[in-house]
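Asks: predicted model and sequence follow; I will ask about them next.
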Amino acid sequence: GLFQQAQKGTILLDEIGETSQSTQVKLLRFLQDGEIRPVGGNKAICVDARIIASTNENLEKAVESGKFRKDLFYRINVIRIHLPTLRERREDIPLLVEYFLEKILEKLKKGKRVFSEESMRAFMNYDWPGNIRELQNIIERAVTLSKNEIVNAEELPLPVGQVAVLARDPMEEQKRKSFIVTTLAEQEKNAIIDALNKYGGNQTKVAQILGISTTTLWRKIKKYRIRPQHEISDKSDR
C-alpha cells in the first residue's frame with residue numbers, strides 16, 4: 001500500500017539494515033522488476049518511485065556476516081550520502097532544538113516553553129551517542145515533565161552526574177583552568193625563589209631539596225625569569 005502511495009514520488013526505507021531476510025527478498029524483487037503484488041492480490045502493479053534507504057549500521061559488515069543480502073546492498077548502494085554524527089556538527093544543535101521543540105509543543109498541546117542558557121550549553125556539550133533521535137527524545141521528555149516555561153539544565157533527562165558539568169560556560173571553565181595553572185606556576189616559582197634565598201643561591205642544593213635535577217631547576221629558573229641574586233636581595237630587604 002505504501003509503495004502504491006509513493007507512485008511518481010519518493011519512499012524512505014528507514015533502518016533498512018534491520019529488515020528481515022523475507023522483507024529483503026521482497027525489496028530486491030521490487031527494485032529489480034519495479035512491481036509489487038498487494039497482499040491477497042494476484043496481479044502485479046507497476047510502481048515508479050524513488051527509493052531512499054537509511055541506516056546507522058555498517059552494511060558492508062552486515063553483508064559479510066550474512067545478515068544483509070549482498071545483491072540488495074548493491075541495488076540500493078547507488079548514491080551514498082554520509083551524514084556526520086550530531087557531535088560532529090554541533091553547530092546544528094540549536095536549530096534542531098528549535099525545530100523539535102516547536103513540533104513537540106504542537107503535538108503535546110503545551111504552552112510556551114524555552115530552554116535556559118545552561119540547558120543549551122548542556123545540549124551543545126553532550127556527545128549524543130543516540131544522535132538526533134536521542135536529542136528529540138530528551139527534548140520531548142523535558143518538555144513533558146517540566147512545569148516551568150523555562151526548562152532549566154537540571155530538568156534535562158541527561159545521564160546522572162553529567163548535567164552540571166555539561167551546563168558550564170566553556171569560557172568560564174577555561175578561565176578557571178587558566179587561573180589554576182597560573183596559581184600553581186606562581187607557587188612553584190615562589191618555592192624556587194625561597195629555596196634559592198635559603199641556600200644562598202646554591203642550585204645543586206636547591207635541586208636536591210626540591211627533588212628535581214639541576215637541569216630541570218635551571219630550566220625552571222629560565223622559564224620564570226628568576227635572577228637568584230636579584231631576588232635574594234629583594235626579599236632580604238623587605
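Replies: Looks like it came in fine.

Asks: got any ranges where the protein has weak pLDDT?
Replies: 1, 40-41, 160-184, 228-238 (pLDDT under 70).

Asks: for it, just list every one of the strands.
Replies: Assigned by DSSP state E, the chain shows strands spanning 10-13, 35-36, 45-46, 50-53, 114-115, 150-151.

Asks: what's around Glu118, how many residues?
Replies: 19 (other CB atoms under 10 Å). (C-beta placed from N, C-alpha, C; glycine too.)

Asks: ok, Asn152 next?
Replies: 17.

Asks: dump the strands of the chain to a markdown table, plus mean neighbour count and distance to Leu135.
Replies: As requested, these are exported to a markdown table (neighbours: other CB atoms under 10 Å; distance: least, CB to CB, whole Å):
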| stretch | mean neighbour count | distance to Leu135 |
| --- | --- | --- |
| strand 10-13 | 13 | 19 |
| strand 35-36 | 16 | 35 |
| strand 45-46 | 11 | 39 |
| strand 50-53 | 15 | 21 |
| strand 114-115 | 18 | 12 |
| strand 150-151 | 17 | 14 |
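
Asks: now tabulate those strands in JSON lines and tack on distance to Gln136.
Replies: Formatted as JSON lines, the strands of the chain follow (distance: least, CB to CB, whole Å):
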{"stretch": "strand 10-13", "distance to Gln136": "17"}
{"stretch": "strand 35-36", "distance to Gln136": "31"}
{"stretch": "strand 45-46", "distance to Gln136": "35"}
{"stretch": "strand 50-53", "distance to Gln136": "20"}
{"stretch": "strand 114-115", "distance to Gln136": "14"}
{"stretch": "strand 150-151", "distance to Gln136": "15"}
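
Asks: nearest to Asn202, of the ones you listed?
Replies: strand 114-115 (61.2 Å; CB to CB).

Asks: what helices or strands is that closest one leaning on?
Replies: helix 93-108, strand 150-151 (3 or more CB pairs under 8 Å, 6 or more residues apart in numbering; DSSP states H and E).

Asks: which of those sits most buried?
Replies: Stretch with highest mean neighbour count among these: strand 150-151 (a mean of 17; mean count of other CB atoms under 10 Å).

Asks: so in that sheet, which strands flank that one, and in what orientation?
Replies: Looking at strand 150-151 with DSSP bridges, its partner strands are strand 114-115 (parallel).

Asks: got a list of contacts for the partner strand?
Replies: Residues outside strand 114-115 that contact it (CB atoms under 8 Å, 6 or more residues apart in numbering) are 97, 101, 123, 142, 149-151.

Asks: what's the most distant pair in the residues you listed?
Replies: Phe123 and Glu149 (17.9 Å).

Asks: higher neighbour count, the two?
Replies: The neighbour comparison of Phe123 against Glu149 (other CB under 10 Å) goes to Phe123, with 24 against 10.
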